[in-house]
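K.L.:
With the sequence up front, the predicted model follows.
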Amino acid sequence: MQRNISPVNMICLLLMAVLMLTGIRAEAGHLEEIAARGTIRIGTTGDYIPMSYLNPQTGEYEGIDAELSKIIADSLGVKIQYVPTTWPTLAADTQAGKFDIALCGISRNYNRAKTMAMSDAYGEGIFGKTILCRAKDAKRFQSLADIDRPEVRVMINPGGTNEKFAHANLKQAQIIVYNDNADIPRQIAEGRADIMITETVEAAHYVCMDKRLAAPLKDKPFTRHSCGILMEKGDQEWLNYINFVLAELRMDGTLANLEEKYLK
């Protein structure tokens, strides 16, 4: 017996056939995956005080991004699974989907926004590129011109915006790439290099920790920027959710309190 197939059913059958032939399938978004998994995977370098720092003594992550991570996880009713990453591999790890979001003091910039998704900003007007040096050299370094001299040794961590800033602005100074970002202040204090290119908030923290250090240009940073939460492109619902959390924290004063606690 011959059956007539309605035009609507014919369209559905054709679409199913196309999906089967091309291998396309509907995928759950991050919100559904996180709920099913019971954990949120958070990428972090753990080397950036006071943003996200893995305390070797306690084995716990500390800083404003650690607190934001906990708030986001609690809002979803899940636990945190930290996924270590590095500044050189951060972009590749994000695009490969190794974690759901990355929080570790990540600067918002055009290059990242072109290839990944970034949340709304936090820390506006607080962050900027500056220097850390020995306290006895504070008067010696008052400008980029003072730093960009052949005899000056500038130490940077690889893969992030500190390295990009150094290469873009320093043509004569000796640039030393050092993998352990959290150890660079000690290297400066002990005379193995003269300058660390860093952020205003990080410089201020290390000056308080070690009286051998100074940040003479902290109040006159070379650049201004904000931070954001990084994720791979393609899940607008997930990005909307993260922005919603930040908006709520901004509205109820939580974000301002965290910024006051860690960044000022």
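P.N.:
Received the coordinates, thanks.
K.L.:
what mean pLDDT would you report for stretch 156-165?
P.N.:
For stretch 156-165, the mean pLDDT works out to 94.
K.L.:
do the same with stretch 169-176
P.N.:
Averaging pLDDT along stretch 169-176 yields 98.
K.L.:
Ok, stretch 231-241 next?
P.N.:
In this model, stretch 231-241 has a mean pLDDT of 97.
K.L.:
Can you point out the buried residues in it?
P.N.:
For stretch 231-241, a neighbour-count test (16 or more other C-beta atoms under 10 Å) marks 231, 232, 235, 238, 239, 241 as buried. The C-beta positions use only the backbone N, C-alpha and C, and glycine is treated the same way.
K.L.:
Also stretch 89-98?
P.N.:
For stretch 89-98, by 16+ other C-beta under 10 Å, it's 90, 91, 93, 94, 98.
K.L.:
Can you give the distance from that stretch to the centre of its chain?
P.N.:
Put simply, stretch 89-98 sits 12 Å off its chain's centre (C-alpha atoms, centre = their mean, to the nearest Å).
K.L.:
Can I get that stretch as PDB, trimmed to CA atoms?
P.N.:
Output in PDB follows, covering the C-alpha atoms of stretch 89-98 (Å, rounded to 0.1, in the frame of the first residue of the first chain):
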ATOM      1  CA  THR A  89      49.000  27.500  26.800                       C
ATOM      2  CA  LEU A  90      46.000  29.400  28.200                       C
ATOM      3  CA  ALA A  91      44.500  30.300  24.800                       C
ATOM      4  CA  ALA A  92      45.000  26.800  23.400                       C
ATOM      5  CA  ASP A  93      43.700  25.100  26.500                       C
ATOM      6  CA  THR A  94      40.600  27.300  26.500                       C
ATOM      7  CA  GLN A  95      39.900  26.700  22.800                       C
ATOM      8  CA  ALA A  96      40.400  23.000  23.300                       C
ATOM      9  CA  GLY A  97      37.600  23.000  26.000                       C
ATOM     10  CA  LYS A  98      39.900  21.700  28.800                       C
END
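K.L.:
about what we covered before: export the buried residues of stretch 89-98 as a markdown table, with columns for distance to residue 29 and secondary structure.
P.N.:
Formatted as a markdown table, the buried residues of stretch 89-98 follow (distance: C-beta to C-beta, whole Å; DSSP: H, G, I helix; E, B strand; the rest coil):
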| residue | distance to residue 29 | secondary structure |
| --- | --- | --- |
| 90 | 22 | helix |
| 91 | 22 | helix |
| 93 | 20 | helix |
| 94 | 16 | helix |
| 98 | 17 | coil |
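K.L.:
Pick out the most distant pair among the residues you listed.
P.N.:
Using C-beta to C-beta, the buried residues of stretch 89-98 span at most 11.2 Å, a distance reached by 91 and 98.
K.L.:
Just the helices from the stretch 151-264 of the chain, written as ranges.
P.N.:
161-169, 184-189, 200-209, 236-251, 254-263 (DSSP state H, counting those that start in this stretch).
K.L.:
I'd like to know which of those is closest to residue 145.
P.N.:
Among the helices of the stretch 151-264 of the chain, the nearest to residue 145 by C-beta to C-beta is helix 161-169 (10.3 Å).
K.L.:
how big is the angle separating that closest one from helix 200-209?
P.N.:
Between helix 161-169 and helix 200-209, the angle comes out at 110 degrees (axes from the mean of the first three to the mean of the last three C-alpha atoms, to 10 degrees).
K.L.:
counting contacts, what elements does helix 161-169 pack onto?
P.N.:
Applying 3 or more C-beta pairs under 8 Å, 6 or more residues apart in numbering; DSSP states H and E, one finds that helix 161-169 makes contact with strand 129-134, strand 153-156, strand 174-177, strand 195-199.
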